[in-house]
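Colleague: With the sequence up front, the predicted model follows.
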Amino acid sequence: MRHFLCINDCNVDELNELLILSADLKKLYKSGKRDLCLSGKVLAMLFEKTSLRTRISFEVAMFDLGGYGMYLKPDDIGIIGQREPARDMARVLSRYIDGIMARTFSHETIVEFTQYATVPVINALSDWSHPCQAMADMLTIREHFGKLEGLKLAYIGDGNNVARSLAFACGKLGLKFVVASPEGYELDDTAIAAANESTPGTAEQINDPAKAVVDADVIYTDTWVSMGQETEKQQRIRDFQGYQVNADLLSKAPKHVKVMHCLPAYREMEITDEVAESDCSIIFDQAENRLHFQRALLKKLLS
Ligand code: CP
Ligand code: NVA
């Protein structure tokens, strides 16, 4: 494993190893000890879009492991590819630092980084996927249920970057994945097929949220308007009516169901405040686990 671009590029052993290492490092840090395996190492953190969780958890993770995370936003380095090509940036950065993480509008930009960088590259969200989020989510689900295999995750809403990475993660790790989206906003067939290739019969795209949550162990949602889609906001709000995660939808799911959201959450849009603040909600455990997963990822790739 050289880069972390897409969950589907990893094998099951690598993913499980990362989950075990995340749990071990979480325990270590909770006990007040530190693992300084990245002493003297520097991670360039390139952001074309805003971020709370990803930026801070990566920066803290680098600090915790004895290294340094250098936050670089468009004001500093320009939009990637505009001031200079991504392939030049990748080669220049590789001469200075030990790893690159990037949050970009276009997934192709990160792919280009992986082709030209001579240091590990981490996908910190693109328009196509959000693998660090999905792996932190798997860690969270495993903590709450004590296992992953055989559980059912129902994703309600936009067939977007987060949904795609969850489909890949569920396929690899043996969870059933049902995504319910309005017509025109479904997850692409290729993503569903890829998940089903990992575990046959795992993934299914439907349009009915009530059907999706039957037998679900986890209900997951994300914003209806991802970063970069702001001009479509009004249309999307109209099109996603009926896809809100609310008390009515929860009443159709088993009593033990947990509710997840990668955050930021737009209350009374894709999720009600009532549900986000309820005992079913594990959204802040998810947010915390970004830190624990990324420590493990950085240790594996950079040390
Ligand atoms: N979930 C997530 O990636 O949050 P940020 O956009 O704040 O990093
Ligand atoms: N789908 C959202 C996720 C934010 C963490 C976006 O891309 O904006």
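Modeller: Received it, and whenever you're ready, just let me know what you need. Residues are numbered from 1 along each chain as shown. Ligands and ions are numbered 1, 2, ... in the order given.

Colleague: what about residue 144, distance to residue 281?
Modeller: 11 Å (C-beta to C-beta, to the nearest Å). Where you see a C-beta, it was placed from the backbone N, CA and C, and this is true even at glycine.

Colleague: what touches both of these two?
Modeller: residue 258 (C-beta atoms under 8 Å, 6 or more residues apart in numbering).

Colleague: of the two, who's got more company?
Modeller: Per other C-beta atoms under 10 Å, whichever of residue 144 and residue 281 has more neighbours is residue 281, with 20 against 16.

Colleague: residues touching that one, list them.
Modeller: Going by C-beta under 8 Å, 6+ apart, the list of residues near residue 281 reads 258, 259, 260, 261, 275.

Colleague: hey, what's the third one bridged with?
Modeller: Listed by DSSP bridges, the beta-bridge partners for residue 260 are residue 220.

Colleague: residues near it, how many?
Modeller: Here the number of neighbours of residue 260 (other C-beta under 10 Å) works out to 25.

Colleague: any idea how far it lies from ligand 1?
Modeller: Here residue 260 is placed at a distance of 11 Å from ligand 1 (C-beta to the nearest ligand atom, to the nearest Å).

Colleague: tell me the SS of residue 225?
Modeller: Using DSSP: H, G, I helix; E, B strand; the rest coil, the structure places residue 225 in coil.

Colleague: Next: residue 193.
Modeller: Classified using three-state DSSP, residue 193 is helix.

Colleague: The chain should start at 733 in everything you say after this.
Modeller: I'll keep to 733 as the first residue from here, and by that count the last item is residue 925.

Colleague: what about it, distance to ligand 1?
Modeller: Counting by C-beta to the nearest ligand atom, the gap from residue 925 to ligand 1 is 26 Å.

Colleague: next one: residue 824
Modeller: 25 Å.

Colleague: Need the three-state assignment for that residue.
Modeller: At residue 824 the chain is in helix, as set by three-state DSSP.

Colleague: the bottom helix or strand of the protein by mean pLDDT?
Modeller: Ranked by mean pLDDT, DSSP states H and E, the weakest helix or strand in the chain is helix 806-809, scoring a mean of 81.

Colleague: Name the nearest of the contacts of residue 1013 relative to residue 953.
Modeller: Taking C-beta to C-beta as the measure, residue 953 lies nearest residue 993 of the contacts of residue 1013, at 5.6 Å.

Colleague: my guess is the closest one meets residue 1014, correct?
Modeller: No - counting by C-beta atoms under 8 Å, residue 993 does not reach residue 1014; the two are 9.3 Å apart.

Colleague: what distance separates stretch 849-866 from the middle of the whole chain?
Modeller: Counting by C-alpha atoms, centre = their mean, to the nearest Å, stretch 849-866 is centred 9 Å from the centre of its parent chain.

Colleague: I'd like the mean pLDDT over it, please.
Modeller: Stretch 849-866 shows a mean pLDDT of 98.

Colleague: near ligand 1, which residues of the protein?
Modeller: 783, 784, 785, 786, 857, 865, 994, 995 (C-beta under 6 Å from any ligand atom).

Colleague: So in terms of bridging, what pairs with the residue lying closest to the first one once chain neighbours are set aside?
Modeller: Same thing as residue 783. With C-beta to C-beta, 6 or more residues apart in numbering as the criterion, residue 783 has its nearest non-adjacent residue at 6.1 Å, and that residue is residue 835. Under the criterion DSSP bridges, residue 835 forms beta bridges with residue 779.

Colleague: now swap in residue 1013 and tell me
Modeller: Those that pair with residue 1013 in a beta bridge, by DSSP bridges, are residue 991.

Colleague: State the pLDDT value of residue 815.
Modeller: Per-residue pLDDT puts residue 815 at 87.

Colleague: ok, now which ones touch it?
Modeller: Counting by C-beta under 8 Å, 6+ apart, residue 815 touches residue 809.

Colleague: Is it located within a helix, as I assumed?
Modeller: No - looking at residue 815 with three-state DSSP, it is coil, so not inside a helix.

Colleague: Of residue 993 and residue 1014, which one has the most company?
Modeller: Counted by other C-beta under 10 Å, residue 993 and residue 1014 do not tie: residue 993 has more neighbours, with 26 against 20.
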